[in-house]
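Q: curious how this folds, go ahead:
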Amino acid sequence: MSVTPALHEDPEECRSLLLDLIRRDEELRRQVEDAREQAEDARKQAEDARRLNDELRRVLDQTAADYGELQARHAELAEELALLRRYVFGTRRERFIDDPDQGHLFNLLDAAIGPVVPTSSEPEAPTSESKSKKPRPRGRDSLDHLPHVRIEHDLPEAEKACPCCGGMKHRIGEDLSRELEFIPAKLEVRVHVLPKYACPSCRDGVASPPVPPKPVPGGIAGAGLVSFVVVSKFADHLPLYRLEDILFRHGVSLSRSTLCDWVRDSATLLGPLADLQRTLVLGSDVLWTDDTHVTALSDRVPGGVKARFWAYLGGEAAPYSVYDFTMSRARDGPASFLEGYRGSLHADAYGGYDGIYTGSGGTIVEVACWSHARRKFFDARANAPAEANRVLEWVRQLYDVEDRARDLAAEARRALRQRESVPILDRIEAYLDELSPRALPKSALGKALTYARNQRAALRRYVDDGRLTIDNNVSERTLRLQAIGRKNWLFLGSEAAGPRAAVLFTILAGAKRHRLEPWAYLRDVLLRLSGGETDLEALLPDRWAAAHPEHVLGHRLDESRRKAARQKEARMRRRAGEPPRG
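A: Numbering: from 1, shown residues only. Predicted coordinates:
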């Protein structure tokens, strides 16, 4: 049984009830609409909040990235500042000495290598007991080859009388007191007398000897004076204006332009000898090269341009040092010089060589320099001491092997490197690969890692050939002629002066390499070339040194040997764990 609500019979009440229901429905609709609007507002606010959150997150990520870049940049600038401060105020020698009581934190010795002990086939370092202690000659004992002038100092006649008996004293001996005196160099005018002969009867022609040849055609300068000017500028680094003053002090007034002409004429005369050395060097199987800058004045560029001298050193078959000159560091310079060359080339990581290696079709083999690679890790010690010192210790072990291999033949040197250097190189390469992902690319350590890893194959190429060297230091030392000289004469006067200077540097570098007295060598070469000498091979520095042993600077050779012996003994003591001598 259903129950139906009773309906009001009164129409007014029904109408009132209906209106109330309609009113309530309208209110509910308004409430629903308000709720919908509030929900839409809330959705919009949530969307705005989400967008704001995304923007804040993006800004935060960008800020973090910028902060990371600033940290990396700060670290890079801090390393650069430390390097510059050391360059300006500190020592430039890349040397660090371990405390003998300080052990290593790392297991740097390979078990396959073991402690380094010289074998019987390798030269032993001289010990303090076996090494003969020869005293160095004193200065007064090394003067016997100089002219000696005897100067008598006698007593007055009155003091020769004996105060006891009044008789004259007899000379029973003498004491000698030697004094080394300096007599300034002197200039002299040599008047060559050329007598003329004629027949008094027939009077047919006049005969006279030829004028002696001079290095400067038609000039007044003799070979000795021209050699003095060339050696003073290109070996002793004296600019011509100082030579002008020096000659004036000796009573001769010569202008700088005249001295420049002498330099030009001597370079022209010596050109064929320099070309011969260039040909011989390019025929060598092994080359060392490097370059240095010099300012050259030019009509095209105000203030001059940054030109380059390039040094090329031959091996044992061609023991000469040849210079080339270019007006820029473009690849065209070494590419032109090395055109047709076949062999191994020791050089730094200058990008211009890459095209030469690839363009040679494998005929020019790159040999990188461990000294350059080591320098970059040395510069990274301030900010990454553990990593950098670990690599430096391994590199030192490589140089210890080279120290013991220096006196060996090429094949024995190669065998020693294969036995001891190759395992060290393997450990270095593995460690560099391990470090690379963790190092900042622009940091000093990152740059060192990038350099070493990019040069990996070229850095270990020296172990495969006993004729190759571990670094390129020999060519860097040769460029000291220019590095010291440009601090004195500052610049080259013209573009044409560069090739002439390269010729003169080549001749003097050969004399220095074979420890010749440069003035004597240059004077003789100038005299013979101006006299029409055609046997250029006899004028090569090694051939000339063999023919003129009296002009070989033996004291320089002895000095080099003593220095090498001291360095070798120090390394042997370090390898044996002995403390360094004070």
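Q: which residues touch the residue lying closest to residue 468 once chain neighbours are set aside?
A: Ranked by Cβ to Cβ, 6 or more residues apart in numbering and with sequence neighbours excluded, the top spatial neighbour of residue 468 is residue 462, at 4.1 Å. Placement of C-beta: from N, CA and C, glycine included. Applying Cβ atoms under 8 Å, 6 or more residues apart in numbering to residue 462 gives the contacts 367, 417, 468-470.
Q: got it, and residue 419?
A: Going by Cβ under 8 Å, 6+ apart, the list of residues near residue 419 is empty.
Q: so it sits in a strand?
A: No: counting by DSSP: H, G, I helix; E, B strand; the rest coil, one finds residue 419 to be helix, located in no strand.
Q: state the distance from it to residue 393.
A: In this view, residue 419 and residue 393 are 20 Å apart by Cβ to Cβ, to the nearest Å.
Q: ok, residue 212 next?
A: 64 Å.
Q: more neighbours: those two, which one.
A: residue 393 (16 against 13; other Cβ atoms under 10 Å).
Q: quick check, pLDDT for that one.
A: pLDDT recorded at residue 393 is 93.
Q: list the buried residues in the helix or strand where it lies.
A: Using DSSP states H and E, residue 393 falls within helix 385-405. Buried residues in helix 385-405, counted by 16 or more other Cβ atoms under 10 Å: 387-398, 400-405.
Q: quick one: contacts of stretch 202-220?
A: Contacts for stretch 202-220 (Cβ under 8 Å, 6+ apart): 192, 194-199, 221-223, 226, 261-262, 265-266, 269, 526-527, 529-532.
Q: which parts of the strand or helix carrying residue 412 are buried?
A: Residue 412 is part of helix 410-416 when elements are defined by DSSP H and E. By 16+ other Cβ under 10 Å, the buried positions in helix 410-416 come out as 413-414, 416.
Q: what separates it from the chain centre, distance-wise?
A: 27 Å (Cα atoms, centre = their mean, to the nearest Å).
Q: okay but residue 345 is in contact with residue 285, surely?
A: No: counting by Cβ atoms under 8 Å, residue 345 stays clear of residue 285, with 10.5 Å between them.
Q: neighbour count for those two, which is higher?
A: residue 345 (22 against 17).
Q: residue contacts, that one?
A: 287, 289, 338, 353, 356-357, 364-367.
Q: host element of it?
A: Assigned by DSSP H and E, residue 345 falls in strand 343-346.
Q: show me how far that strand is from its chain's centre.
A: 17 Å.
Q: which strands and helices sit next to the next helix or strand after it?
A: Of the helices and strands lying after strand 343-346 in sequence (DSSP H and E), the nearest is helix 352-359. On a contact count with 3 or more Cβ pairs under 8 Å, 6 or more residues apart in numbering; DSSP states H and E, helix 352-359 meets helix 332-337, strand 343-346, strand 364-367.
Q: buried residues in helix 352-359?
A: Buried residues in helix 352-359 (16+ other Cβ under 10 Å): 353, 356-357.
Q: of those, which is the nearest to residue 512?
A: Proximity of the buried residues of helix 352-359 to residue 512 (Cβ to Cβ) peaks at residue 353, which lies at 25.9 Å.
Q: tell me how far the closest one lies from residue 78.
A: Plainly put, residue 353 is 32 Å away from residue 78 if you go by Cβ to Cβ.
Q: thinking again about what came up before, as CSV, the helices and strands packed on helix 352-359 with mean pLDDT would be great.
A: As requested, the helices and strands packed on helix 352-359 are exported to CSV (pLDDT from 0 to 100):
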stretch, mean pLDDT
helix 332-337, 92
strand 343-346, 96
strand 364-367, 95
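Q: could you dump the ones you listed to a markdown table with distance to residue 173?
A: A markdown table is the format used below for those (distance: least, Cβ to Cβ, whole Å):
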| stretch | distance to residue 173 |
| --- | --- |
| helix 332-337 | 68 |
| strand 343-346 | 64 |
| strand 364-367 | 67 |
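Q: looking at these, spot the one closest to residue 150.
A: strand 343-346 (55.6 Å).
Q: mind giving me the packing neighbours of whichever strand or helix holds residue 561?
A: Using DSSP H and E, residue 561 sits in helix 554-575. Helix 554-575 is packed against helix 385-405, with contacts defined by 3+ Cβ pairs under 8 Å, 6+ apart.
Q: what angle sits between the helix it packs on and helix 554-575?
A: Counting by axes from the mean of the first three to the mean of the last three Cα atoms, to 10 degrees, helix 385-405 lies at 130 degrees to helix 554-575.
Q: show me where the protein has strands.
A: Ranges of strands in the chain, per DSSP state E, are 197-198, 206-207, 286-296, 305-314, 321-326, 343-346, 364-367, 491-492.
Q: now those as TSV including distance to residue 376?
A: Converted to TSV, the strands of the chain look like this (distance: least, Cβ to Cβ, whole Å):
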stretch	distance to residue 376
strand 197-198	75
strand 206-207	73
strand 286-296	17
strand 305-314	22
strand 321-326	26
strand 343-346	18
strand 364-367	18
strand 491-492	31
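Q: nearest spatial neighbour of residue 405, chain-adjacent residues omitted?
A: Residue nearest to residue 405 in three dimensions, not counting chain neighbours: residue 413, with 4.4 Å by Cβ to Cβ, 6+ apart.
Q: should've said residue 192
A: Nearest residue to residue 192, sequence neighbours excluded (Cβ to Cβ, 6+ apart): residue 212, at 5.7 Å.
Q: quick check: the gap between the one you found and residue 225.
A: Taking Cβ to Cβ, one finds residue 212 at 14 Å from residue 225.
Q: residue 165 too?
A: For residue 165, the distance to residue 225 equals 63 Å [Cβ to Cβ].
Q: give me the more crowded residue out of these two.
A: Shown here are residue 165 and residue 225; by other Cβ under 10 Å, residue 225 has more neighbours (20 against 7).
Q: many thanks, I have nothing further to ask.
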